[in-house]
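Kindly generate the corresponding structure for this input.
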Amino acid sequence: MSTSQVTAAARYEGHLRTEATHVASGTVIQTDAPVDNHGRGEAFSPTDLVGTALGTCILTTMALVAERHGLDVVGSTFEMQKIMSQEPPRRIAQLHVAVRLPAQLSPEHRALLERTARTCPVALSLNPEIQQEVRFEYV
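Numbering: from 1, shown residues only. The predicted structure is shown next:
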């Protein structure tokens, strides 16, 4: 793989921790295994990042569509809950995402943004066995 094609690179640091670098920007994130899987839980776990990717993808794609329609969604937020399977193999079983958007959005714009959220690239890329529940609140 050519260096110009690399998106991210990571190094195992020991003690179930990694340090990953976004090659183009130099941004660094660390991961730690969760407490229930022998880690310290002091950073995002790899599966936490999957759920976080879903939430940030939802916000990003909604913002792209909002900008095209002249809508202001600055300050919109999400909260995510990840539920791991109880049976082997260990995997993400459910992702619950609560998205908060401005109350002043019209019913038509709400429908547009909700449709956009449910078809973001991460949502479409996840294994269909992962239950995705996305809820919208207008505040």
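
Contacts for stretch 58-71, please.
For stretch 58-71, the surrounding residues in contact (Cβ atoms under 8 Å, 6 or more residues apart in numbering) are 72-73, 76-78, 97, 99, 101, 105, 109, 112-113, 116-117, 119-123, 134. C-beta here means a position set from N, CA and C on the backbone, and glycine is covered the same way.

Restricted to buried residues, select those residues in ChimeraX.
Buried residues within the contacts of stretch 58-71, as defined by 16 or more other Cβ atoms under 10 Å, are selected in ChimeraX through the command that follows:
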select :73,76,78,97,99,101,105,109,112,113,116,117,120,122,123,134
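
Which of the contacts of stretch 58-71 fall within strands?
77-78, 97, 99, 101, 134 (DSSP state E).

and which of those residues is nearest to residue 89?
Proximity of the ones in strands among the contacts of stretch 58-71 to residue 89 (Cβ to Cβ) peaks at residue 97, which lies at 23.5 Å.

Wait, the closest one touches residue 133, no?
Yes: in this structure, residue 97 sits in contact with residue 133. The criterion is Cβ atoms under 8 Å, and the distance is 7.1 Å.

and this structure, what are its domains?
3-37, 46-138 (automatic domain parsing).

can you give me how far the last one is from the chain middle?
By that I understand domain 46-138. 7 Å (Cα atoms, centre = their mean, to the nearest Å).

How about stretch 44-58?
Using Cα atoms, centre = their mean, the mean C-alpha position of stretch 44-58 is found 3 Å from that of the whole chain.

For it, the averaged confidence score.
Per-residue pLDDT over stretch 44-58 has a mean of 98.

Can you mark which positions in it are buried?
44-45, 47-55, 57-58.
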